[in-house]
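[1] Build me a model from this:
(chains A, B, C and D)
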Protein chains: 2
Amino acid sequence: MSSELTAPGTGPAGAAPTLSEVAKRAGVSSITVSRVVRMPDLVAPETRARVERAMRDLGYVPNLVAGALASARTNSVGVLVPTIANSIFADTVQGLSDKLEPLGFSVILAQSRYDAAREDRMLAALLSRRPEAIIMVGSPATEEGSRLLRNARIPIVETWDLPANPIDAVAGFDNYKAGVAVAKHLVAQGRKQLAFIGGDDPRGTRRWFGFRDEALASGLAEPRRLILDRKDSGSVAAHARLPGVDAVFAANDAHAIGFMSGLRKAGLLRDGPASAQPVAVIGLGDLEMGQLISPTLSTISVHGDAIGRTAATLTLERGGERRVDLGFELVLRDSG
Amino acid sequence: MSSELTAPGTGPAGAAPTLSEVAKRAGVSSITVSRVVRMPDLVAPETRARVERAMRDLGYVPNLVAGALASARTNSVGVLVPTIANSIFADTVQGLSDKLEPLGFSVILAQSRYDAAREDRMLAALLSRRPEAIIMVGSPATEEGSRLLRNARIPIVETWDLPANPIDAVAGFDNYKAGVAVAKHLVAQGRKQLAFIGGDDPRGTRRWFGFRDEALASGLAEPRRLILDRKDSGSVAAHARLPGVDAVFAANDAHAIGFMSGLRKAGLLRDGPASAQPVAVIGLGDLEMGQLISPTLSTISVHGDAIGRTAATLTLERGGERRVDLGFELVLRDSG
DNA sequence: TCACCTCATGTTAGCGCTAACATGAAACAA
DNA sequence: TTGTTTCATGTTAGCGCTAACATGAGGTGA
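    Predicted coordinates for the structure are as follows:
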């Protein structure tokens, strides 16, 4: 234990050592130390060894804050998601961070909680850290947010959607088409009374429009739409609010599974195939869980991690195609 | 579209405006602009209005990189988790970020992927950004990681566990006791052949020890232990590898649900209460999903978001109790 | 011999901001 | 009047690093 009072560690005394302290100890100039850290090949082996020794002795940890200011490169990207808990967006964050971390980029994470004002605040907060790119789920909710991003002059990747007029780059899929695909499938199955349950966020709403338009185009009555709070276990009770419905598209798998749980209580769930289900249920997201429950969940599968990795790539390469449609897949199992 | 070639935005031309450009435009010194941003009360209303006007005109976004260097405060915290996708740790990240973001702190997120070398690299990367605290799941896997953290002289919060010799602060629960509690319950239920399925990470292993020790202390044979890869859907097939077992503790709910899915295929799952189950299953984490499936999942409930919020608090207040046991709860439903 | 490389290292200036200390005007008390 | 306080604003220096440009030693070719 050292005699310093500085809590909580017990390492080298006093403030964190700087480049020039290392330089002094190694008997070189600070730029040489900087080179040992960043471009070791440019330094003679003996000098390098001496510097490395000094760094180890002092427990030197480079200060990237200072480095970033001097070089105008922060090696960081800002990531904005509605929410990270219990959310498929976690896959996207994982995907992009797996791609970016090995390259020396750090991820600065912010959550908007589906709140436009908070989104704007978080965007401003992110930008004030001068990230080299911003990756966000969806598009800015306000004109102000949009302006901030445009003025930042860095790559901006919008994900989980395919906006018509993106700020810069896009990695997502067509939520409208996903709704269409589900409606088509249910119609082909002979379902008549469709309903949609989910949030009224932009992407959920686009799914709803696709779903509704296709149902109408097929000559069905307009589907019911039940807007649920996030984290609403209300999906469990949703069935009671949808009398007569024989097919449901849930905007995400969690809602779908909750809805199925309600169906089970009502005696309307079978362990057999889709054709045996009094009420068909299709989710979106393809949670692993969907394959483990009974009946297994039919769902729109979306590759959240691929969205993240693609977004990371779009962040790094400024040329080339700036709009990547990663598509989706209707995965049919036993629920509908 | 402006005439600038700078992609991708079309905002004010050229590089991002600086404090002193705003100052020049408003006819004040730069420190006054700085005050308008950080301590507006110290600036006369008219001056403030003039400066705010200039900031808006120029689209000024403060540069926190420079500010951090000058003030030696980055207003950021480093967060290290094993993984964020499909993971209960996302709750913790959400909890701490909900607490820290309103205070102006940013979250720098890194993932170790349960890899000690990567963990050390990520810790070094985090520290080089000079966060004002580090919050991590578990404890450093290596001596090197531990040293780095001790030398950093910032609050360090270890979570999801209660290490005997923490570096600084702790917000978690006793994984050993969780294992004990599950074993006790299963023994009381009259189960004889226990088994544990899950990973061999430090926390999973502590759960296993508690589970095993209690089983042995109750006079049962040593439980089987099946080590599964993460993301192993192997949990589905686990039952086949555990002949004769009548009670299983899964280190997390995902494994528990997968295992139940295997039981169902084997005809060993009932829709009735725990007493009717040929094989009792207890999970850990209390995923919402566990209440939606049938039979409902008995589980050790842990408040991931409370862990995150508590960790955030420990980060901000350096005095007071540095060890918070958030406990756990054995939630009994129908699976065991 | 000289011009001209290459290589290893150094010098200088400055990134954009803030801490700490100054300044000067106005207000007020004795 | 003079000193003292308060308030609004300014000046100066420097945070720790890196870009850009020296410098000087040693080698190379004609």
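[2] does stretch A:259-268 come close to chain B?
    Yes: in terms of Cβ under 8 Å from any Cβ of the partner chain, part of stretch A:259-268 sits within range of chain B, namely A:260-261, A:264. Every residue, glycine included, has its C-beta placed from N, CA and C.
[3] Can you name every helix or strand that the host helix or strand of A:Ala215 contacts?
    Element membership of A:Ala215 [criterion: DSSP states H and E] is helix A:202-217. Helix A:202-217 sits against helix A:175-188, strand A:194-198, with contacts defined as 3 or more Cβ pairs under 8 Å, 6 or more residues apart in numbering or on different chains; DSSP states H and E.
[4] could you give the angle of the first one to helix A:202-217?
    Think helix A:175-188. Between the axes of helix A:175-188 and helix A:202-217, defined by axes from the mean of the first three to the mean of the last three Cα atoms, to 10 degrees, the angle is 40 degrees.
[5] which residues are in contact with the helix holding A:Ala215?
    A:138-139, A:141, A:160-161, A:175-184, A:187, A:194, A:196, A:198, A:221-223, A:225, A:249, A:251, A:284 (Cβ atoms under 8 Å, 6 or more residues apart in numbering or on different chains).
[6] Filter these down to the buried ones, PyMOL style.
    Below is the selection syntax for PyMOL that covers the buried ones among the contacts of helix A:202-217, with 16 or more other Cβ atoms under 10 Å in any protein chain shown defining burial:
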select buried, chain A and resi 138+139+141+160+161+175+176+177+178+179+180+181+182+183+184+187+194+196+198+223+225+249+251+284
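[7] ok, and which of the contacts of helix A:202-217 reach DNA strand D?
    Near DNA strand D, judged by Cβ under 7 Å from any atom of the strand, there are no entries from the contacts of helix A:202-217.
[8] For stretch A:190-203, list every residue counted as buried.
    Burial within stretch A:190-203, assessed by neighbour count using 16+ other Cβ under 10 Å, is assigned to A:191, A:193-199, A:201-203.
[9] try stretch A:114-126
    Within stretch A:114-126, the residues that qualify as buried are A:114, A:118-123, A:125-126, counting by 16+ other Cβ under 10 Å.
[10] Quick check: mean pLDDT of the helix or strand containing A:Leu148?
    Counting by DSSP H and E, the element that carries A:Leu148 is helix A:143-152. For helix A:143-152, the per-residue pLDDT values average out at 96.
[11] Give me the contact status of it with chain B.
    Yes: with Cβ under 8 Å from any Cβ as the criterion, chain B is reached by helix A:143-152 at A:147-152.
[12] which outside residues touch the least confident helix or strand in chain A by mean pLDDT?
    Among the helices and strands of chain A, helix A:234-237 carries the lowest confidence by mean pLDDT, DSSP states H and E, at a mean of 71. Under the contact criterion Cβ under 8 Å, 6+ apart, helix A:234-237 has outside partners A:197, A:228, A:250, A:254-256, A:258-259, A:261-262, A:265, B:292.
[13] Likewise for stretch A:43-60?
    Among residues not part of stretch A:43-60, those counted as contacts by Cβ under 8 Å, 6+ apart are A:11-12, A:17, A:19, A:21-23, A:25-28, A:32-33, A:35-37, A:40, B:147, B:151.
[14] Out of those, name the ones that lie in strands.
    Secondary structure of those is defined by DSSP state E; no position falls in strands.
[15] Now the buried members of those residues.
    The neighbour-count test (16+ other Cβ under 10 Å) applied to these identifies A:11-12, A:17, A:19, A:21-23, A:25-26, A:28, A:32-33, A:35-37, B:147, B:151 as buried.
[16] Could you show which parts of the stretch 51-200 of chain A are in contact with DNA strand D?
    In this structure, the stretch 51-200 of chain A approaches DNA strand D at residues A:62-63, A:66-67, A:69-71, A:73, judged by Cβ under 7 Å from any atom of the strand.
[17] what about 6 Å?
    By the criterion of Cβ under 6 Å from any atom of the strand, the positions of the stretch 51-200 of chain A lying close to DNA strand D are A:62-63, A:66-67, A:69-71.
[18] Of those residues, select the buried ones using a ChimeraX command.
    To isolate the buried ones among these in ChimeraX, judged by 16+ other Cβ under 10 Å, type:
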select /A:62,63,66,67,69
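[19] For the residues of the stretch 51-200 of chain A next to DNA strand D, which two are the farthest from each other?
    By the measure Cβ to Cβ, A:Pro62 and A:Leu69 form the most distant pair in those, at 13.1 Å.
[20] give me the number of residues near A:Met39?
    The number of residues packed near A:Met39 is 9, by other Cβ atoms under 10 Å in any protein chain shown.
[21] Contacts only, for it.
    With contacts defined as Cβ under 8 Å, 6+ apart, A:Met39 has no neighbours.
[22] check whether stretch A:32-48 contacts DNA strand D.
    Yes: with Cβ under 6 Å from any atom of the strand as the criterion, DNA strand D is reached by stretch A:32-48 at A:34, A:38.
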